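Asks: Take this sequence and fold it.
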Amino acid sequence: MEGLIHQVISGIATGGIYASVALALVMIYQATHHINFAQGELATFSTYITLTFINMGMSYWAALALAIVASFCIGVVIERILIRPMAHAPILSAVGVFVGLLLIINSLSGWFFDYTTGTRFTRPIGLRLITSIR
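Replies: Purely as a prediction, here's the structure:
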C-alpha cells in the first residue's frame, strides 16, 4: 500500500511539472504568436541553476527563489535580443531562431553543468523515499 501511495504522489508531481511547462508554452505562444522550441531547455537550465545554488549551501526555498529571479532575467534578455526583432519576420526565420536557441541553451547546460545526470535534488519537505516496492 505504501508503494501505491508513493507512485500516486510521484505521478501527481510529474503531472504538475508537465502542466507547468505546457502552461508556459501556451503563455509564450499567446504573447508572441511563436512556438518556443527551446522551452524545455530553458526549464532544464533553470533547474540546474537551482541545483547549483543548493550545492553552494543555500536552503531549498532560497535557491528556488533566486533561480526564479535569475531565470526571469535570462528570459528578459532573450526576449529583448531574439524575440522582439522577430515580431514581423517570416515564420521560418522565427523557427530558425528558436531551434538555434534550443541548441545554444542545450550546449550551455552541458558546458556549465556537465553532461551527466547523476545528481539529485534534496527534498524540500520531509518525505521519506521508498527504496523498494514489496
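Asks: quick one: low-confidence parts of this protein?
Replies: Within the chain, the stretches with pLDDT under 70 are 116-134.
Asks: can you give me the helices for it?
Replies: With helices called from DSSP state H, the chain shows them at 2-32, 39-55, 60-78, 91-113.
Asks: Does the longest one pack against any helices or strands, and if so which?
Replies: Contacting helix 2-32 under the criterion 3 or more Cβ pairs under 8 Å, 6 or more residues apart in numbering; DSSP states H and E are the following elements: helix 39-55. (Each C-beta comes from the backbone N, C-alpha and C, glycine too.)
Asks: residues in contact with the residue nearest the centre of the chain?
Replies: In the chain, the residue lying closest to the centroid (Cα atoms, centre = their mean) is residue 43, at 1.3 Å. Residues near residue 43 by Cβ atoms under 8 Å, 6 or more residues apart in numbering: 21, 24.
Asks: can you do 7 Å?
Replies: Contact analysis of residue 43 by Cβ atoms under 7 Å, 6 or more residues apart in numbering lists residue 21.
Asks: sorry, back to before: point out the most buried one among the helices of the chain.
Replies: Comparing the helices of the chain by mean neighbour count (mean count of other Cβ atoms under 10 Å), helix 39-55 comes out on top with a mean of 18.
Asks: Please name the nearest non-neighbouring residue to residue 52.
Replies: Spatial nearest neighbour of residue 52, excluding adjacent residues (Cβ to Cβ, 6 or more residues apart in numbering): residue 113 at 7.2 Å.
Asks: Pretty sure that neighbour sits against residue 49.
Replies: No: with contacts defined as Cβ atoms under 7 Å, residue 113 does not count as touching residue 49, sitting 8.8 Å away.
Asks: Redo the helices of the chain as JSON lines? Include distance to residue 85.
Replies: Putting these into JSON lines (distance: least, Cβ to Cβ, whole Å) gives the following:
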{"stretch": "helix 2-32", "distance to residue 85": "12"}
{"stretch": "helix 39-55", "distance to residue 85": "19"}
{"stretch": "helix 60-78", "distance to residue 85": "11"}
{"stretch": "helix 91-113", "distance to residue 85": "9"}
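Asks: Brilliant, that's me finished.
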